[in-house]
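Asker: Here is a sequence together with a model predicted from it:
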Amino acid sequence: MPDTASNLGRVVPVAARTNAPRHGAIVRVTHWVTAACFLALLISGMEVVVSHPRFYWGENGNVLMPALFSIPIPASRATVPTGYGYVLPDQNGWSRYLHFEAAWALVFSGAVYVIFGALSGHFRRNLFPDAKPPVKADAWSYNPLQRLTYLVVIFLLFPFVIWTGLAMSPAFVSVLPSTVTLLGGRQSARTLHFFLSVSLVIFLLVHVTMVWLSGFTDRVMAMIHGRVRVGTEPE
């Protein structure tokens, strides 16, 4: 008869303990679509800001008005007073088109993710606060701070950044004027949109840093093929 006590302490090879499910297909696809859209929005958004790096509050704002604050960079338009004696190349055309298209792709991807998360129980299992701390076997679970952060980003920051973006659209505002009036005006929406975007960039930097520190390759591969090597949980 085998020694049961000794078997209890035996270490099972990692190769024999792989392929534990982690992320569903919808979560993985929407994650990478969101990542691509966010990158496109970040690049095109910076180009849009360069065309007029001055921010105002209220409905109107132009070069003849005092700015609420300015970003200390040259503009891509000579008519914008920035204190620099030269202008940057004007990329305002393609950047606005890309920003618009990536924004709607992000809205669609986010809607799919939220609907899936609500119907499948994904939010309840993985994001809503859990009274029980994760055991070592479930060390890939998010801790309470991570859960709260993801909930704030998904249900507060992203909806608000979409709202402020739509509030700058004359076509959308013509249908729903309250979209912009509730924010205090189109320039207020632009200023809020800028700060919300900065907040999302900070979240992205922290997110990537945490992924790097907790095992970049394993975490990224889990988000690609949906499974984890259960022998690689963090201590």
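Answerer: Sure thing, it's come through. Since the structure is predicted, the reported quantities are computational estimates derived from the model, not experimental observations. Numbering: from 1, shown residues only.

Asker: Phi first, then psi, for residue 55.
Answerer: phi -120, psi 150 (degrees, to the nearest 10).

Asker: just for the protein, where's the confidence low?
Answerer: Applying pLDDT under 70 to the chain picks out residues 1-21, 130-141, 229-235.

Asker: Please, where are all the strands along it?
Answerer: Here the chain has its strands, by DSSP state E, at 20-21, 54-55, 69-70, 227-228.

Asker: other SSEs contacting the second one?
Answerer: So the one you mean is strand 54-55. Where contact means 3 or more C-beta pairs under 8 Å, 6 or more residues apart in numbering; DSSP states H and E, strand 54-55 is packed against strand 69-70, helix 186-213. (Glycine included, C-beta is placed from N, CA and C.)

Asker: Any idea which of the ones you listed gets closest to residue 99?
Answerer: helix 186-213 (10.8 Å; C-beta to C-beta).

Asker: Looking at the helices and strands packed on strand 54-55, which one is packed in the most?
Answerer: Sort the helices and strands packed on strand 54-55 by mean neighbour count, taking mean count of other C-beta atoms under 10 Å, and helix 186-213 sits at the top with a mean of 16.

Asker: Please name the nearest non-neighbouring residue to the residue nearest the centre of the chain.
Answerer: Residue closest to the mean C-alpha point of the chain, counted by C-alpha atoms, centre = their mean, is residue 200 at 5.5 Å. Closest residue to residue 200 apart from its sequence neighbours, by C-beta to C-beta, 6 or more residues apart in numbering: residue 157 at 5.9 Å.

Asker: Could you pull up the contacting residues of the one you found?
Answerer: Residues counted as contacts of residue 157 (C-beta atoms under 8 Å, 6 or more residues apart in numbering) are 196, 199-200, 203.

Asker: who's in contact with residue 188?
Answerer: For residue 188, the contacting residues are 57-59, by C-beta under 8 Å, 6+ apart.

Asker: If we use 7 Å, what do you get?
Answerer: With contacts defined as C-beta atoms under 7 Å, 6 or more residues apart in numbering, residue 188 is in contact with 57-58.

Asker: that older thread, can the helices and strands packed on strand 54-55 go into CSV with extra columns for distance to residue 124?
Answerer: Output for those, formatted as CSV (distance: least, C-beta to C-beta, whole Å):
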stretch, distance to residue 124
strand 69-70, 41
helix 186-213, 22
